[in-house]
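Enquirer: using only what follows, build the 3D model:
(chains A and B)
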Amino acid sequence: MGLAIVVLLISLIFLFVLQFTITRAEEKPQQMFSRRQLAYNTVSTLVSTTTTYDDLTVKDLIQDCMDVVPEYDFDNDGDADSCETAEGIISNILTNTLKAWDKKYEFQVKLGPQEEMKISNGQCDLGSDPGINFIPTRGGSAQITVTLELCE
Amino acid sequence: MVKGQVQMTETIGIVIVFSILIVFALLFFSRIQQNSADQQRTLVAGEKAVSISFSALFLPELECSKIGSDDIKDCIDVLKLTPAADVINENPQYYFKLFGYSTISIEEIYPVQDPTHTWVLYSRTRDSQPPTEFTQRARTPIPVALYNPVTGDYAFGVMTIDAY
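Expert: Here you go, the predicted structure:
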């Protein structure tokens, strides 16, 4: 009888501990708001940043990269390299900020529905909050969408 | 007599095991309480950090003032940073009402990332000592554009708010 009570108590305590360990804390609105604000601010600030390449902004580099005939050739090898340059700068900034703060993210640049650039740190399995910035193409025929998904 | 002794031993054993279980349960609950109190404190500090970040971002002492720069949100004029820090130091009571116990710093990430491109705008801790790595805080980093009106360039910076 006594042993049965002890076993029952241990089982109850074990279940209780399991419940506390497994149950995921519900996300507070403040955390969600902070993440959305961070995603939005990162993208908008990133796009407006002036680079060390002819004082062009990241937006200028992305626009050139998405053009039918890209023209910027910073290493003078005869091939346009605005895409590599933009990707390097964006990757550098994201590594020194979001990655350094242990945030998982997926950064994408799309021309219309077509994905043209992707930089990520992990995958957003539990959902994400996006920060989006729209850039018109030089010809104005399509829309470039810059998206940063910050994972939960 | 022997049966009675066995029952007595069993009862004592159960009482001991039961006491141990109660002690473990108490330790467990006190730890949970402690954790939830810490979480609550961090949450309140986090909420405060978000509200401080908005106060800091829209300070006229720091905001970019370029004609036609309405489209650049969350922008800080780098030439205003040092004078603004001086004004904040000279008027501690006024800014304490705005920022409370917190540290607000701004760091340039791109194109230059070094200590000379880091500014501490405001700092006040609860014990009036400089914050250490062990000081309990809620940290909110916010990317901001750092505008240089002389060159017309926008650097990528981060405003960090540590609320205590």
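
Enquirer: quick one: contacts for the spatially most central residue of chain B?
Expert: The structure's chain B has its C-alpha centroid closest to B:Ala138; by CA atoms, centre = their mean the separation is 2.3 Å. Applying CB atoms under 8 Å, 6 or more residues apart in numbering or on different chains, we find B:Ala138 in contact with B:Thr42, B:Leu43, B:Ala45, B:Gly46, B:Lys48, B:Ala49, B:Asp162, B:Ala163. C-beta here means a position set from N, CA and C on the backbone, and glycine is covered the same way.

Enquirer: distance-wise, check the first one relative to B:Ile109.
Expert: So that's B:Thr42. From B:Thr42 across to B:Ile109, the span is 25 Å (CB to CB, to the nearest Å).

Enquirer: check contacts around the closest residue to the residue nearest to the centre of chain B other than its chain neighbours.
Expert: Excluding its sequence neighbours, the residue lying closest to B:Ala138 (CB to CB, 6 or more residues apart in numbering or on different chains) is B:Ala45, at 3.6 Å. Counting by CB under 8 Å, 6+ apart, B:Ala45 makes contact with B:Gln136, B:Arg137, B:Ala138, B:Ala163, B:Tyr164.

Enquirer: B:Ala45 - that's part of a strand, no?
Expert: No. B:Ala45: not assigned to a strand; according to DSSP: H, G, I helix; E, B strand; the rest coil it is helix.

Enquirer: so what's the residue lying closest to B:Cys64 once chain neighbours are set aside bridging to?
Expert: Nearest-residue entry for B:Cys64: B:Cys75, 3.8 Å, with adjacent residues in sequence omitted and distances by CB to CB, 6+ apart. Residues found in beta-bridge contact with B:Cys75 (criterion: DSSP bridges) are B:Ala145.

Enquirer: let me see the contact set for B:Cys75.
Expert: Neighbour list for B:Cys75: B:Glu63, B:Cys64, B:Ser69, B:Val144, B:Ala145, B:Leu146, B:Tyr147, B:Tyr154 [criterion: CB under 8 Å, 6+ apart].

Enquirer: give me the neighbour count for A:Ile144.
Expert: 22 (other CB atoms under 10 Å in any protein chain shown).

Enquirer: confirm that it sits in a strand.
Expert: Yes. Assessed with three-state DSSP, A:Ile144 lies in a strand.

Enquirer: mind telling me what element the residue lying closest to it once chain neighbours are set aside is part of?
Expert: Excluding the flanking residues, the one nearest A:Ile144 by CB to CB, 6+ apart is A:Ile135, at 4.2 Å. Under the criterion of DSSP states H and E, A:Ile135 resides in strand A:128-136.

Enquirer: following element in sequence after the helix or strand harbouring B:Ala85, please.
Expert: Under the criterion of DSSP H and E, B:Ala85 resides in helix B:78-90. Remark: after helix B:78-90, the chain's next helix or strand is helix B:92-99, criterion DSSP H and E.

Enquirer: any residues touching that following helix, and which ones?
Expert: Counting by CB under 8 Å, 6+ apart, B:Ile52, B:Ser55, B:Ala56, B:Ile88, B:Tyr122, B:Arg124 sit against helix B:92-99.

Enquirer: and B:Thr42 and B:Ile109? which has more neighbours close in?
Expert: Comparing B:Thr42 with B:Ile109 by other CB under 10 Å, the one with more neighbours is B:Ile109, at 22 against 16.

Enquirer: what about that one, distance to chain A?
Expert: Distance, B:Ile109 to chain A, by CB to the nearest CB, to the nearest Å: 5 Å.

Enquirer: make sure that residue is indeed in a strand.
Expert: Yes. Residue state for B:Ile109 (three-state DSSP) corresponds to a strand.

Enquirer: so what's it up against?
Expert: Taking CB under 8 Å, 6+ apart as the criterion, B:Ile109 is in contact with A:Ile93, A:Asn96, A:Thr97, B:Ala155, B:Phe156, B:Gly157, B:Val158.
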